[in-house]
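Q: pasting the sequence and the predicted coordinates here, then a few questions.
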Amino acid sequence: MEVQAKHRFDEQSLARFMADKITGFVPPLQAEQFKGGQSNPTYRLTDGAGRQYVLRRKPPGKLLPSAHAVDREFRVISALNKTDVPTPRAYALGEDESVVGTAFYIMEFCDGRVLWDPLLPDVAKEGRRAIYEAKFDVLARLHGVDYAALGLADFGRPGSYVARQISRWGKQYKASETEKIEAMDKLLDWLPAHLPPSEETVLVHGDYRLDNMVFHSSEPRVLGVIDWEISTLGDPLAELSYLCMLWRTPMEWGGLLGHDLASLGLPTEPEMVAYYCRLAKRPVPEKNLWEFYMAYNLFRVSCIRQGVYARSLDGTASNVRAADSGKLVRPAAELGWRLVEGIAGASP
């Protein structure tokens, strides 16, 4: 779409930066804004020779602490460019805010498909499972990288990931809270008191889902995983369960719950958990542990949605549908608390 008025920048200034930093760049520069993405405004850039790039920048306005870390995105993408995890090529990081008004980076434009609907209506029934297998395969590859060898040993703290996430997102939730939600308060109390006894540390994306990857235009192959803003060192089960929330959430939220998966050619949650665990050489998690991670992720998603909603109220959210996020905060939290109540032996 055309660049929103609040997200416009000096295209000539950016063109001067790109001419200096990117080999082969030819001015002038034309910018369009992507419709998706609720955090960092994202643009497709076209130079004078028709080459295309992607610009990701911090949004203008007052921001939550540690949010919108485009420098971290650039660092992790640059590192993963050296692995078999498909990522867009990282070109240049711009930390001088005078160029476009906020910090930014420029990466490769992956010319392929973004599959927004998990039902995959535009994919033939017999090809849908392969799409699901591709995204779980890439996740297993990501969790298998030697992050220390890539220079990312300090990209996060090993261990205690879930505890830190609960604390971090809980604080951000309270900072952006607009109404009292009993289920959120219960989850804020229960989750830290019932943490998994131990956890493995891997490199995690942080928001790994179908629409954060670009697929080949005709093959079930991922060309690039995008939106690495909250990537860090973390727990593989936390990320796997986040991806699998799709099967727990109703169709009104864009989930798979309530659909006849077999008739659609789509796999089940247990099938894909087993598929990932086989590729990653990890045991399939036992039921209560898995349900904890599901409840944790619903809590986390509620916190994120609340932040997006709060930004929509002050006008800094980049997605035109950001205000809708507020409608899903309460039901996601209440679903998370119902999962807690279903855990064998769970106490409030």
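A: Structure received.
Q: longest helix in the chain, please.
A: helix 287-314 (DSSP state H).
Q: identify each buried residue in that helix, please.
A: 290-312 (16 or more other C-beta atoms under 10 Å). Where C-beta positions appear, they are placed from N, C-alpha and C, glycine not excepted.
Q: so for it, mean pLDDT?
A: Mean per-residue pLDDT for helix 287-314: 89.
Q: repeat that for stretch 227-239.
A: Here the average pLDDT along stretch 227-239 is 94.
Q: now that stretch, how far from the centre of its chain.
A: Chain-centre distance of stretch 227-239: 8 Å, with C-alpha atoms, centre = their mean, to the nearest Å.
Q: for that stretch, C-alpha coordinates in PDB please.
A: The C-alpha coordinates for stretch 227-239 follow below in PDB (Å, rounded to 0.1, in the frame of the first residue of the first chain):
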ATOM      1  CA  ASP A 227      10.400 -10.500  11.600                       C
ATOM      2  CA  TRP A 228      13.200 -11.400  14.100                       C
ATOM      3  CA  GLU A 229      12.500  -8.500  16.400                       C
ATOM      4  CA  ILE A 230      12.100 -10.600  19.600                       C
ATOM      5  CA  SER A 231      14.500 -13.400  18.800                       C
ATOM      6  CA  THR A 232      16.800 -14.400  21.600                       C
ATOM      7  CA  LEU A 233      18.200 -17.500  23.400                       C
ATOM      8  CA  GLY A 234      15.300 -19.500  24.700                       C
ATOM      9  CA  ASP A 235      13.400 -22.600  25.200                       C
ATOM     10  CA  PRO A 236      12.600 -24.800  22.200                       C
ATOM     11  CA  LEU A 237       9.300 -26.100  23.800                       C
ATOM     12  CA  ALA A 238       8.100 -22.600  24.300                       C
ATOM     13  CA  GLU A 239       8.500 -21.800  20.600                       C
END
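Q: show me what contacts Glu269?
A: Cys244, Trp247, Arg248 (C-beta atoms under 8 Å, 6 or more residues apart in numbering).
Q: make it 10 Å
A: With contact taken as C-beta atoms under 10 Å, 6 or more residues apart in numbering, Glu269 is in contact with Ser241, Leu243, Cys244, Met245, Leu246, Trp247, Arg248, Leu256, Leu257, Leu261, Trp290, Met294.
Q: do you know the pLDDT at the nearest residue to Leu279 once chain neighbours are set aside?
A: Leaving aside its sequence neighbours, Leu279 sits nearest to Ala140 (C-beta to C-beta, 6 or more residues apart in numbering; 3.8 Å). Confidence at Ala140, expressed as pLDDT, is 98.
Q: element containing Ala140, please.
A: If you go by DSSP states H and E, Ala140 is part of helix 128-143.
Q: again with Glu239
A: Going by DSSP H and E, Glu239 is part of helix 236-244.
Q: mind giving me the domain split of the protein?
A: Domain ranges of the chain: 5-108, 125-342, per automatic domain parsing.
Q: and the ones you listed as a markdown table, adding distance to Leu115?
A: Listed next are these as a markdown table, based on distance: least, C-beta to C-beta, whole Å:
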| stretch | distance to Leu115 |
| --- | --- |
| domain 5-108 | 12 |
| domain 125-342 | 5 |
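Q: so for Leu119, which of the ones you listed sits nearest?
A: domain 125-342 (6.3 Å; C-beta to C-beta).
Q: next one: that closest one to chain centre, how far?
A: The answer for domain 125-342 is 8 Å, by C-alpha atoms, centre = their mean.
Q: okay, how far is it across that domain, tip to tip?
A: Start-to-end span of domain 125-342 (C-alpha to C-alpha, to the nearest Å) is 34 Å.
Q: can you check stretch 39-53 too?
A: So stretch 39-53: terminal residues 19 Å apart, C-alpha to C-alpha.
Q: follow-up on the earlier one: show me what the following helix or strand past the longest helix of the chain is packed up against.
A: Following helix 287-314 in sequence order, the next helix or strand is helix 326-342 (DSSP H and E). When contacts are defined as 3 or more C-beta pairs under 10 Å, 6 or more residues apart in numbering; DSSP states H and E, helix 326-342 packs onto helix 161-176, helix 182-193, helix 287-314.
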